[in-house]
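In: Here's a sequence, model it:
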Amino acid sequence: MARNISFATNEKEYIVNGDESKVIRINVADVNMLARYEQAREKFKQVQSEFGDDPSPADLIKADEMVRGLINDVFGADVCTPAFGGVNCLSPVSSGKTLYQSFLDAFLPEVKKDIEAAVNAAQITLEAKAKTFTEQLSPKPKHDVKGLTDDDIARIAAAIKAGS
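Out: Numbers count the residues shown, from 1 in each chain. Below is the predicted model of the structure:
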């Protein structure tokens with residue numbers, strides 16, 4: 001029997017259009033997500049130029065597969081199946097955009113908020129750990145000298161001078 005392991009992943013869930021059977025799960029602390037997004041932006045342009053303004057039905061199927069692959073790669077998970085189901089992601093929606101554009105317009109701002117929250121939480125944790133570490137390295141005074149009077153200081157200085 002396989003054993004279960006549990007560990008923190010920063011995975012967030014997003015429900016698509018209020019339908020709890022359509023759930024997207026991504027790790028918002030994935031440090032490679034931004035790099036993959038930048039790479040995908042260039043590839044989206046290539047897909048658009050490859051198929052032109054009047055693609056054939058076969059081209060639409062191929063372009064759908066390519067765009068889904070790019071979107072899934074960016075997020076490191078299958079986000080397209082819960083978002084689009086079996087509908088071609090290049091299908092037009094009422095806003096005049098494609099289905100995938102409408103999805104990204106709704107999804108990216110939510111993901112951005114969660115990424116910023118994860119980064120802020122990580123920064124706070126790092127700052128606390130750095131403070132603890134530097135406190136351990138900082139020399140601590142061996143004696144509390146805050147309460148010494150000027151006379152006490154003069155006597156100590158004289159004793160040190162006499163001993164040298």
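In: Name the residues that touch the top strand by length along the chain?
Out: Criterion DSSP state E: the longest strand present in the chain is strand 19-27. Under the contact criterion CB atoms under 8 Å, 6 or more residues apart in numbering, strand 19-27 has outside partners 9-16, 75-77, 79, 82-83, 85, 107, 111. The way it works is simple: take the backbone N, C-alpha and C, and place the C-beta from them, glycine included.
In: again with stretch 63-72
Out: Identification of contacts with stretch 63-72 by CB under 8 Å, 6+ apart yields 40, 43-44, 47, 50-51, 55, 78-80, 84, 88-90, 100, 104.
In: In the protein, what residue spans correspond to helices?
Out: 33-51, 57-75, 80-84, 99-137, 150-163 (DSSP state H).
In: any chance of these in CSV, with mean pLDDT, mean neighbour count and distance to R3 too?
Out: Conversion of the helices of the chain to CSV gives the following (pLDDT from 0 to 100; neighbours: other CB atoms under 10 Å; distance: least, CB to CB, whole Å):
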stretch, mean pLDDT, mean neighbour count, distance to R3
helix 33-51, 88, 13, 30
helix 57-75, 96, 17, 28
helix 80-84, 98, 20, 28
helix 99-137, 82, 13, 28
helix 150-163, 78, 9, 64
